[in-house]
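Participant: here is my input, please return the structure:
(4 chains)
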2 protein chains.
Amino acid sequence: MSNLSPKRGPETRARLLEVAEQSVLAKGFAATSIDELIAAVGITKSGFFYHFKGKGELAEALLQRYIDNEEELLDELFRRGDELHEDPLHGFLVGMKMFAEMMLDLPEGHPGCLVASYCYQENLFSKDIRALNKEAVLGWRARFRTRFDLIAARHPPKIDVDLDALADMVSVLVDGGIIVSKVVHDKRVLPQQIMLLRDYVRVIFLGT
Amino acid sequence: MSNLSPKRGPETRARLLEVAEQSVLAKGFAATSIDELIAAVGITKSGFFYHFKGKGELAEALLQRYIDNEEELLDELFRRGDELHEDPLHGFLVGMKMFAEMMLDLPEGHPGCLVASYCYQENLFSKDIRALNKEAVLGWRARFRTRFDLIAARHPPKIDVDLDALADMVSVLVDGGIIVSKVVHDKRVLPQQIMLLRDYVRVIFLGT
DNA sequence: GCGCAACTGTACCACAAGTCAAGTTGGCGG
DNA sequence: CCGCCAACTTGACTTGTGGTACAGTTGCGC
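Facilitator: Modelled structure (predicted):
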């Protein structure tokens, strides 16, 4: 009766996605109930079904939003890194440093990766969603592979290494780092791992 | 009426744990129903509750079994590695190589890590279970930290590195590698990552 | 022929996803 | 200033399933 207005639609939807993401990362998708979400947002069940056809559509919107946000974050990070250095290697090193610092600045540590969460509940989701997840990981691989090719052109690797595997190592370390951080309740683990990878890349292309 | 016998208890329990683990890794714990497990094993619901007081007890037994198995596997791997080399570094390198090969030999790839799965559904579990999970990760850290101390004593690191972080890197790479392997449906990713870490450790302690 | 391990049978209740129909509110475009 | 539409609300209802309780049963081993 008070705060009803035709333009609040997208906002309510966004709040639904926000609380849903938190709940999914804490309990998993199956244990996240619609009742719980609408209670947190302050709408009724029919209100939920106005925004999403069903739980599956919520899952997809959730993942898409997460992937888009991450992509934007990475774009921004390495854009800033490259702003400071013409050399792609040093741009990468700066980007990784900023990444690590950003993760360390999160007060509660990284809240979790939806890609990883969905991966461990893959049977709950449609083919479409699983494909989306796969595309996200392959996107990271392509992004960093391109970067490493650029770096290798200027700094021939001192150590023989598969650049696709090295590119995957970014996703691997982030997802693994988040897990170990969460399990041992030490938010420093993820940034430490990012810095370890950074050092590895430096030693591969610079030799020290 | 046919196959009832007082000694089949532990066997039935083990079968329950086996199918439960598969289901949990595929769908998550919340979406794994008791009905489904008993159907797969061929007992009634009451039979389940004879073996476990409730779902929580199943969760705990499941995790404990998983952790014990992993520990045994690692013990065996590096025992065999050390058998072939007196030098702890080379024992480690051989152990990692065997680890990578073992992962590559799994026909369907690694089925998943329960520690990671539980981590992404932590709110479903009791304090005890969460503590167990934490202990498992800290156990891996201690194991590899001890190993790296031994290695460092004989081979002073050529690159400055935090040995605790390096020890964590094993857990991180395994958990992250499993996720990326699963998501992109390429079982080679995990072994590749293990080999990358192996190379990193070699370059840290040997310089090449 | 007794006891105990290893179950079975049956019943219950909460809650979750989803459906459906009908009504309400408030801003905006004409 | 009127009417339409987005963005909801109300409320009732179905259908399924999930975890749990508890009393009874079976058959091997002693």
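Participant: how distant is whatever helix or strand residue A:134 lives in from the center of its chain?
Facilitator: Under the criterion of DSSP states H and E, residue A:134 resides in helix A:127-154. Distance of helix A:127-154 from its chain centroid, counting by CA atoms, centre = their mean, to the nearest Å, is 13 Å.
Participant: how much space separates the closest residue to residue A:88 other than its chain neighbours from DNA strand D?
Facilitator: Leaving aside its chain neighbours, residue A:88 sits nearest to residue A:150 (4.3 Å; criterion: CB to CB, 6 or more residues apart in numbering or on different chains). Glycine gets a C-beta too; all of them are placed from N, C-alpha and C. In this view, residue A:150 and DNA strand D are 44 Å apart by CB to the nearest atom of the strand, to the nearest Å.
Participant: residue A:200 now?
Facilitator: 43 Å.
Participant: hmm, residue B:197 and that residue touching each other?
Facilitator: No - checked against CB atoms under 8 Å, the pair residue A:200 and residue B:197 is beyond contact range at 9.1 Å.
Participant: okay, and the residue nearest the centre of chain A sits in which element?
Facilitator: For chain A, the residue nearest the mean C-alpha position is residue A:70 (4.6 Å; CA atoms, centre = their mean). Using DSSP H and E, residue A:70 maps to helix A:55-84.
Participant: after that helix, which helix or strand is next?
Facilitator: helix A:88-105.
Participant: next structured bit after that following helix?
Facilitator: Defined by DSSP H and E, the subsequent element after helix A:88-105 is helix A:114-119.
Participant: buried ones in that following helix, by neighbour count?
Facilitator: A:114, A:115, A:116, A:117, A:118, A:119 (16 or more other CB atoms under 10 Å in any protein chain shown).
Participant: about what we covered before: show me what the helix or strand following the helix holding residue A:134 is packed up against.
Facilitator: Sequence-wise, the next helix or strand downstream of helix A:127-154 (DSSP H and E) is helix A:163-184. In terms of contacts (3 or more CB pairs under 8 Å, 6 or more residues apart in numbering or on different chains; DSSP states H and E), helix A:163-184 is packed against helix A:114-119, helix A:127-154, helix A:189-206, helix B:114-119, helix B:127-154, helix B:163-184, helix B:189-206.
Participant: hmm, stretch A:187-195 in reach of chain B?
Facilitator: Yes - judged by CB under 8 Å from any CB of the partner chain, stretch A:187-195 and chain B are in contact via A:189, A:192, A:193, A:195.
Participant: domain ranges for chain A, per the record?
Facilitator: According to automatic domain parsing, chain A comprises the domains A:1-52, A:63-206.
Participant: ok, now how distant is residue A:64 from DNA strand C?
Facilitator: For residue A:64, the distance to DNA strand C - CB to the nearest atom of the strand - is 18 Å.
Participant: not counting its neighbours along the chain, what's nearest that residue?
Facilitator: Per CB to CB, 6+ apart, closest to residue A:64 is residue A:132, 6.7 Å.
Participant: pretty sure that neighbour sits against residue A:67.
Facilitator: Yes - in this structure, residue A:132 is within contact of residue A:67 by CB under 8 Å, at 7.0 Å.
Participant: can you get me a residue count around residue A:123?
Facilitator: 13 (other CB atoms under 10 Å in any protein chain shown).
Participant: now for it: which residues touch it?
Facilitator: Neighbour list for residue A:123: B:26, B:27, B:31 [criterion: CB atoms under 8 Å, 6 or more residues apart in numbering or on different chains].
Participant: excluding its backbone neighbours, what's nearest the last one?
Facilitator: The reference is to residue B:31. Nearest to residue B:31 is residue A:30, by CB to CB, 6+ apart, at 3.8 Å.
Participant: likewise for residue A:56?
Facilitator: Residue A:56 sits nearest to residue A:126 (CB to CB, 6+ apart), 6.1 Å away.
Participant: can you check residue A:87 too?
Facilitator: Using CB to CB, 6+ apart, the nearest residue to residue A:87 is residue A:154, at 6.7 Å.
Participant: the one you found against residue A:88, yeah?
Facilitator: Yes - counting by CB under 8 Å, residue A:88 is a contact partner of residue A:154 at 6.8 Å.
Participant: more neighbours: the two, which one.
Facilitator: Neighbours per residue, other CB under 10 Å: of residue A:154 and residue A:88, the larger number sits with residue A:88, 22 against 10.
Participant: distance-wise, check that one relative to residue A:95.
Facilitator: 10 Å (CB to CB, to the nearest Å).
Participant: would you check how far apart residue A:16 and residue A:43 are?
Facilitator: Residue A:16 is 8 Å from residue A:43, by CB to CB.
Participant: more crowded one of the two?
Facilitator: Between residue A:16 and residue A:43, counted using other CB under 10 Å, the more crowded position is residue A:16 (23 against 16).
Participant: residues in contact with that one?
Facilitator: So residue A:16 contacts A:37, A:38, A:41, A:48, A:51, A:52, A:58 (CB under 8 Å, 6+ apart).
Participant: what about it, which helix or strand?
Facilitator: helix A:9-27.
Participant: report the contact partners of the residue in chain A that chain B sits nearest to.
Facilitator: Proximity of chain A to chain B (CB to the nearest CB) peaks at residue A:176, 2.9 Å away. Contact partners of residue A:176, counting by CB under 8 Å, 6+ apart, are A:193, B:171, B:172, B:173, B:174, B:175, B:176, B:177, B:179.
Participant: what about the nearest residue to the second one once chain neighbours are set aside, how many neighbours?
Facilitator: Translated: residue B:171. Nearest residue to residue B:171 in three dimensions, chain neighbours excluded: residue B:140, at 4.7 Å (CB to CB, 6+ apart). Around residue B:140 there are 22 other residues, counting by other CB under 10 Å.
Participant: local confidence estimate at residue B:140?
Facilitator: Reported pLDDT at residue B:140 in the predicted model: 98.
Participant: re the thing from before, need the winner for burial among the domains of chain A.
Facilitator: domain A:63-206 (a mean of 19; mean count of other CB atoms under 10 Å in any protein chain shown).
Participant: confidence score at the residue nearest to residue A:87?
Facilitator: 97.
Participant: what sits against it?
Facilitator: By CB under 8 Å, 6+ apart, residue A:154 lies in contact with A:87, A:88, A:89.
Participant: switch the cut-off to 10 Å
Facilitator: A:87, A:88, A:89, A:205 (CB atoms under 10 Å, 6 or more residues apart in numbering or on different chains).
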